[in-house]
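Engineer: need a structure here:
(one chain, ligands or ions: 4)
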Amino acid sequence: MADSIKERYTVGYALAAKKQHSFIQPSLIEHSRRRGIDLIKLDPAKPLSEQGRLDCVIHKLYDAVWKENLVAFRDKFPFVPVVDSPEAIERLHNRVSMLEVITQLTFSVSDGERFGVPKQVVVMDESVLSGGGAALGEELKFPVIAKPLDADGSARSHKMFLIYDQEGMKILKAPIVLQEFVNHGGVIFKVYVVGDYVKCVKRRSLPDISEEKIGTARGSLPFSQISNLTANCAQEEKNREEYGEDRSLEKVEMPPTSFLEELAKAMRESMGLNLFNFDVIRDARDASRYLVIDINYFPGYAKMPSYEPVLTEFFWDMVTKKKSHV
Ligand SMILES: O=P(O)(O)O[C@@H]1[C@@H](OP(=O)(O)O)[C@H](OP(=O)(O)O)[C@H](O)[C@H](OP(=O)(O)O)[C@H]1OP(=O)(O)O
Ligand SMILES: Nc1ncnc2c1ncn2[C@@H]1O[C@H](COP(=O)(O)OP(=O)(O)O)[C@@H](O)[C@H]1O
Ligand SMILES: [Mg+2]
Ligand SMILES: [Mg+2]
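Structural biologist: Ligands and ions are numbered 1, 2, ... in the order given. Sure, this is the predicted structure:
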């Protein structure tokens, strides 16, 4: 069928160079093109209304010029879906407001699973870190993971520390979130959401910490983007040698699909977002207890199986307004 006789649609994208490289792959362009959707690169500094007809805009840029451009476009063309609204995305740029999404959800899950977030406190004051006061609240116990409060996409925002004791906190800079480390069998579940599509994959995580280790370990241990580091096979092999055991992910049971779908739907509606993923761990001491530890806007979808048809179908729903964007 000739493309020319069918109506065509345009999805404009505004992404950082690295993101554009990983997400706008030739396979996605081709998949969308065959469905009648052309993906075009937007110039974030030029008014969107001067960049041709747009049936949908997708983006992951946070500078003020872009935001103003987007808001002006939305005011002028309120019926063109902007995926997603910058105000809704903003909530994910802070590791406290991010997880409040979960604690504020009111739905109850049908099958006995429970969900929540690990206990955490935010430290705004340097003196608390250097030992000037009781840093951890009554309920929070070592070890903790120290996470930068801002989750703004910078390399700095992914720099974490595993902290074993008060001494280990001296290395930290405020503002920082201290979150209780929860043993979870060394596996995280990454749940990708694309509109109403939900896909869970397993990734390697930090290994469990034994009671013995908790009693003896001191100080702090830095790490960054552990689940990405271990996503490749060579690293998996190295881990296997290092730990001298079979740590393959295949044997790990997935959380029930219906549970993740219900949770993803509730999060999507509550946040007003279409494109995100969230990291979930299963409490090693209680297999029906799941903890959400991270929510990311517009994550690395190219790592999701069948990303091209899934994203193309989502674009189709947006441009044909088959489904309203949340
Ligand atoms: O680069 P990728 O493909 O690893 O994707 C990153 C995500 O990896 P994931 O898909 O969850 O494995 C990554 O997820 P994590 O925070 O590592 O769980 C972030 O979403 C990251 O975006 P940002 O730096 O927080 O703005 C994402 O980075 P950007 O591609 O958006 O820069
Ligand atoms: N509370 C926690 N208990 C155990 N492991 C955790 C916890 N929080 C984070 N992690 C581990 O640290 C990694 C990075 O933390 P995360 O909050 O996902 O930050 P990022 O935004 O950099 O991905 C997770 O993928 C997981 O392996
Ligand atoms: Mg994460
Ligand atoms: Mg993150």
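Engineer: and F161, what are its bridge partners?
Structural biologist: Judged by DSSP bridges, the bridge partners of F161 are A146, P222.
Engineer: quick check: the gap between it and V144.
Structural biologist: F161 sits 9 Å away from V144, going by CB to CB, to the nearest Å. All C-beta atoms are positioned from the backbone trio N, CA, C, and that covers glycine.
Engineer: just P44 next, same as before
Structural biologist: The spacing between P44 and V144, counted by CB to CB, is 38 Å.
Engineer: more crowded one of the two?
Structural biologist: V144 (26 against 17; other CB atoms under 10 Å).
Engineer: my guess is that one contacts V177. True?
Structural biologist: No. V144 is beyond contact range of V177, at 9.2 Å (criterion: CB atoms under 8 Å).
Engineer: distance of V121 from ligand 3?
Structural biologist: From V121 over to ligand 3 the distance is 19 Å, taken as CB to the ion, to the nearest Å.
Engineer: what do you get for F142?
Structural biologist: Distance, F142 to ligand 3, by CB to the ion: 21 Å.
Engineer: pretty sure L136 sits against V122.
Structural biologist: No. At 11.9 Å, L136 and V122 do not qualify as touching, with contact defined as CB under 8 Å.
Engineer: please enumerate the strands of the stretch 201-326 of the chain.
Structural biologist: Here the stretch 201-326 of the chain has its strands, by DSSP state E, counting those that start in this stretch, at 220-224, 275-282, 289-297.
Engineer: highest mean neighbour count out of those strands?
Structural biologist: strand 275-282 (a mean of 22; mean count of other CB atoms under 10 Å).
Engineer: for it, name the packing helices and strands.
Structural biologist: Contacts defined by 3 or more CB pairs under 8 Å, 6 or more residues apart in numbering; DSSP states H and E place strand 275-282 against strand 187-194, helix 257-271, strand 289-297.
Engineer: is ligand 2 within reach of that strand?
Structural biologist: Yes. Shown here: strand 275-282 in contact with ligand 2 (CB under 6 Å from any ligand atom) through D279, I281.
Engineer: which of the strands of the stretch 201-326 of the chain sits closest to ligand 4?
Structural biologist: Distance to ligand 4, taken as CB to the ion, is lowest for strand 289-297 among these, at 4.2 Å.
Engineer: neighbouring contacts of that closest one?
Structural biologist: Outside strand 289-297, the residues that touch it by CB atoms under 8 Å, 6 or more residues apart in numbering are 60, 84, 89, 92, 95, 98-99, 101-102, 113-118, 151, 179, 182, 184, 188, 255, 259, 263, 267, 271, 273, 275-283.
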